[in-house]
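Visitor: Take a look and give me a structure for this.
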Amino acid sequence: MLNFGYCCINLTLQKSGVVTSRTMRKATFLEKGITYASQLALANVTDLKKIIEWNAAKNVKVFRVTSELFPWSSEYSLSDLPDYKRISDILLECGTLARVSNIRLSAHPSHFVKLASSKENVVKAAIKDLETHSEFFDLMGLEASHWNPLNIHIGCSFSEEASAKFCDNFYRLSPNLQKRLVVENDDKGSCYSVQQLHQYITEKIKTPITFDYFHHSFHTQGVPEREAALLAAQTWRDKLPLFHYSDSKKIYEEFSGNPRAHADYIYNKIVEHVPCDIDLEAKAKELALLKYRNN
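Guide: Have a look, this model is predicted:
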């Protein structure tokens, strides 16, 4: 049986003001500084606990934590936040609640994280972003393993040079971050397929592959879906794979824009190629999950 989850936002709770991505413009950060950033972060983690409580009550076993808990975290260390002690305490409560409720937490740092970049400043920014994610997972008491993965894309067009650079920079990451990092297949033919990730990344640094069903439909490299899913699943070794699923907004919701856009809801029965957990990347978030689960 598959466990399904959703990503980052709970639309039901959002109606009552529960959000975890309070942020500000750069100008506001420059004006109000780390004190205001700390206040926003404290409010974000406080509401994260409310979302995890809701998930526990609704028997939702998989949840992706937003990457926006800490506004402008590129500009400071978490331990410098004036509210660091209170934030740390609440994060530990979040992690404890998730653990006792058997909720698997993950995160998906943004597309700006580019470990394969040829620009050192971009790589350093990527490492800082990833280390911040791993640090707040540490503060939550989450195990340093692929059970609580930090999922990223390679972040560039495929090349052997970029692949080698990614692998080299992997060893610049802290041990806990290395144990959490996973990579995801892309939805563009010029980027990384499951097969390319396996050959040029996973075989080198043993980083698991997050199989995205929807992305694979745009970049199969001639590999059938089931075969690609099985190949990705094998890379998780002793942990249950965490995959992604969404349907096409263009096909199912009369959308005339980008064919890669995700639909609000799930319209197809998800094929269980292997035992795994699945993040539903549907725009209707928990509403899409509940609807799918009830069908």
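
Visitor: mind listing what's buried in the helix or strand of the chain with the lowest mean pLDDT?
Guide: Using mean pLDDT, DSSP states H and E, helix 249-252 stands out as the lowest-scoring helix or strand of the chain, at a mean of 95. Under the neighbour-count criterion of 16 or more other Cβ atoms under 10 Å, helix 249-252 has residue 249 buried. Just so you know, the C-beta spots here come from the backbone N, C-alpha and C atoms, and that holds for glycine as well.

Visitor: Partner strands of the helix or strand following that helix, with direction?
Guide: As assigned by DSSP states H and E, the chain's next helix or strand after helix 249-252 is strand 277-280. Using DSSP bridges, the strands paired with strand 277-280 are strand 3-7 (parallel), strand 242-245 (parallel).

Visitor: Find the one among these with the highest mean neighbour count.
Guide: Compared across those, strand 242-245 shows the largest average neighbour count, a mean of 23 (mean count of other Cβ atoms under 10 Å).

Visitor: Surely residue 132 is in contact with residue 70?
Guide: Yes. Taking contacts as Cβ atoms under 8 Å, residue 132 lies within contact range of residue 70: 6.5 Å.

Visitor: Switch the strands paired with strand 277-280 over to TSV; also include mean pLDDT and distance to residue 93.
Guide: Output for those, formatted as TSV (pLDDT from 0 to 100; distance: least, Cβ to Cβ, whole Å):
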stretch	mean pLDDT	distance to residue 93
strand 3-7	97	20
strand 242-245	98	23
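
Visitor: could you dump those strands to CSV with distance to residue 193?
Guide: Output for the strands paired with strand 277-280, formatted as CSV (distance: least, Cβ to Cβ, whole Å):
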stretch, distance to residue 193
strand 3-7, 23
strand 242-245, 15
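
Visitor: among those strands, which is nearest residue 117?
Guide: Nearest to residue 117 among the strands paired with strand 277-280 is strand 242-245 (23.6 Å), distances taken as Cβ to Cβ.

Visitor: contact partners of the closest one?
Guide: Residues from elsewhere that reach strand 242-245 (Cβ atoms under 8 Å, 6 or more residues apart in numbering): 62, 104, 106, 146, 149, 151, 182, 184, 210-215, 229, 232, 266, 270, 276-281.
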